[in-house]
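Q: Model the following, please.
(one chain, ligands or ions: 2)
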Amino acid sequence: MILGIETSCDETAAALVTREGEILASVVASQDELHARYGGVVPEIASRRHLELVTPVVREALDRAGVGLGGVGSVAVTAGPGLIGALLVGLSAAKAIAWARGLPLVGVNHLHGHVASLYLKPLDLSPPFVCLLASGGHTMLLDVRGRRWEDVAVLGTTLDDAAGEAFDKGARLLGLPYPGGAEIDRLAREGDPTAHAFPVARVPGLDFSFSGLKTALLYAVRDLPPAELEARRADLAASYQRAIVRALVERVEAALVAAGGERVAIVGGVAANSELRAALPAAAAAPLRLCTDNAAMIASAARYAEPLAPPDALTLDAYATAA
Ligand code: KG4
Ligand code: ZN
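A: Ligands and ions are numbered 1, 2, ... in the order given. Modelled structure (predicted):
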């Protein structure tokens, strides 16, 4: 089986997955509470917390799967993109385990990991499909032709903020706690999505832009006295969410035409959004716990990537950005 390790942002995660894509254990230690008071992830704090958590989280995953390291056949770890200091903690832990046990090591692209969440059982989705990857750090439309990362073409990406970032920044403007996506999702159910007409940015091609929307919300809330903001919060959340979901859905539909495809899948933290799921009823989506960052998706991606044998494994490096 494959031991997966993920530490690219603020989740310390480890999982055990079989070659066939069966999840035997998936442990995710979230640092949300630690970063909430700062309204976003503080990289240095994230690295330090990963350092404290990575060993117990790996142990917990092995315990839950009922195996020892002797039962592990290869190690998979997120190599990038992400926060470099955070990545290095997982990478070092994975190298140490692989080196000590003489195991092959697979460096996984975090974005490939999100797509590979769809290849886990029982969903086990087969390409081709168009994939919307929307998380706190990325918003991309992908033409997925095969299960290897080399078989995936980027059709569009965000020119500024990621969709999850737009949710989080919007939530902050509305006085909601971090991370804000789920908070806006919840509050939007009580509001009127037509109360405010927020703009949906139209940029050429299949790219996204969310910074104008965020500014529109800023203008809508900055002159409101606290009591008025309180009274309108649900309407603002519903209207803001509607604008983000519209932008995503429009682009997904255009991407399907561009790729000549029929099937859509959604992955990443924003795929947990109830309005997005309702707006794309035919889209394949992994269970919610596999949408947000986890290590099962990293182990899953490793099934379709080249492993490095023990001495070479030590040369594997972390990278902050995709390019
Ligand atoms: O995939 P993820 O866990 O981490 C990254 O790789 O970035 O995504 C986290 C993002 C956050 O921005 C969070 O606000 C957003 O996903 N999110 C949501 C929902 N649940 C999480 N956004 C909208 N609606 C949700 N229900
Ligand atoms: Zn992610």
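
Q: Dihedrals phi and psi, the residue nearest the centre of the chain?
A: Compute the mean C-alpha point of the chain, and by C-alpha atoms, centre = their mean the closest residue is Gly268, 3.5 Å away. The phi/psi pair for Gly268 (degrees, to the nearest 10) reads phi 100, psi 170.

Q: Surely it and His114 touch.
A: Yes - taking contacts as C-beta atoms under 8 Å, Gly268 lies within contact range of His114: 5.3 Å. Placement of C-beta: from N, CA and C, glycine included.

Q: Overlap of the contact sets of these two?
A: Taking C-beta atoms under 8 Å, 6 or more residues apart in numbering as the criterion, Gly268 and His114 both touch Leu133, Ser135, His138.

Q: Any residue of stretch 84-103 touching ligand 1?
A: No - using C-beta under 6 Å from any ligand atom, stretch 84-103 stays clear of ligand 1, with a minimum separation of 11.4 Å.

Q: What strand or helix carries the residue nearest to Phe210 when sequence neighbours are not counted?
A: Spatial nearest neighbour of Phe210, excluding adjacent residues (C-beta to C-beta, 6 or more residues apart in numbering): Ala166 at 3.9 Å. Assigned by DSSP states H and E, Ala166 falls within helix 163-173.

Q: who's in contact with that helix?
A: 39-40, 134-137, 139, 161, 177-181, 183-184, 208, 210, 213-214, 217-218, 221, 237, 240-241, 244, 248, 268-270, 273.

Q: which stretch of helix or strand covers the closest residue to Ala195 other than its chain neighbours?
A: In space, and not counting its chain neighbours, Ala195 is closest to Asp235: 3.7 Å by C-beta to C-beta, 6+ apart. Using DSSP H and E, Asp235 sits within helix 226-259.

Q: now swap in Leu142 and tell me
A: Here Leu142 is assigned to strand 139-144, by DSSP H and E.

Q: and what of Cys131?
A: Using DSSP H and E, Cys131 falls in strand 129-134.

Q: so that strand versus helix 163-173, what angle?
A: 30 degrees (axes from the mean of the first three to the mean of the last three C-alpha atoms, to 10 degrees).

Q: what sits against whichever residue of the stretch 101-250 of the chain sits closest to ligand 2?
A: Nearest residue of the stretch 101-250 of the chain to ligand 2 (C-beta to the ion) works out as Ser135 at 4.3 Å. Ser135 makes contacts with His114, Ala162, Ala163, Gly164, Gly268, Gly269, Val270, Thr292, Asp293, as judged by C-beta under 8 Å, 6+ apart.

Q: circling back: ok, the residue nearest to the centre of the chain to ligand 2 distance?
A: As judged by C-beta to the ion, to the nearest Å, Gly268 and ligand 2 stand 6 Å apart.

Q: what does Thr7 give?
A: With C-beta to the ion as the criterion, Thr7 and ligand 2 are 11 Å apart.

Q: neighbours around that residue, how many?
A: 36 (other C-beta atoms under 10 Å).

Q: Nearest residue to it in space, please, no chain neighbours.
A: Nearest one to Thr7, counting by C-beta to C-beta, 6+ apart, is Gly90 at 3.3 Å.

Q: my read: the one you found touches His50, true?
A: Yes - Gly90 lies in contact with His50 (C-beta under 8 Å); the separation is 6.8 Å.

Q: list residues touching both of the two?
A: Thr7, Thr12.

Q: circling back to that earlier point, not counting residues beside it along the chain, what's closest to the residue of the stretch 101-250 of the chain closest to ligand 2?
A: In space, Ser135 is closest to Gly268, 3.5 Å off (C-beta to C-beta, 6+ apart).

Q: Report the contact partners of the one you found.
A: Contacts of Gly268 by C-beta under 8 Å, 6+ apart are His114, Leu132, Leu133, Ala134, Ser135, His138, Gly164, Cys291.

Q: related to what we said a few turns ago, compute the inter-axis angle for the helix or strand just after the strand holding Leu142 and strand 129-134.
A: On the C-terminal side of strand 139-144, the closest following helix or strand by DSSP H and E is strand 152-157. Inter-element angle recorded for strand 152-157 and strand 129-134: 50 degrees (by the same axes, to 10 degrees).

Q: now the nearest residue to Gly4 once chain neighbours are set aside: how far from Val28?
A: In space, and not counting its chain neighbours, Gly4 is closest to Ala299: 3.0 Å by C-beta to C-beta, 6+ apart. Between Ala299 and Val28 the computed distance is 13 Å (C-beta to C-beta, to the nearest Å).

Q: What is the strand holding Leu142 packed up against?
A: Counting contacts by 3 or more C-beta pairs under 8 Å, 6 or more residues apart in numbering; DSSP states H and E, strand 139-144 packs against helix 110-116, strand 129-134, strand 152-157, helix 226-259.
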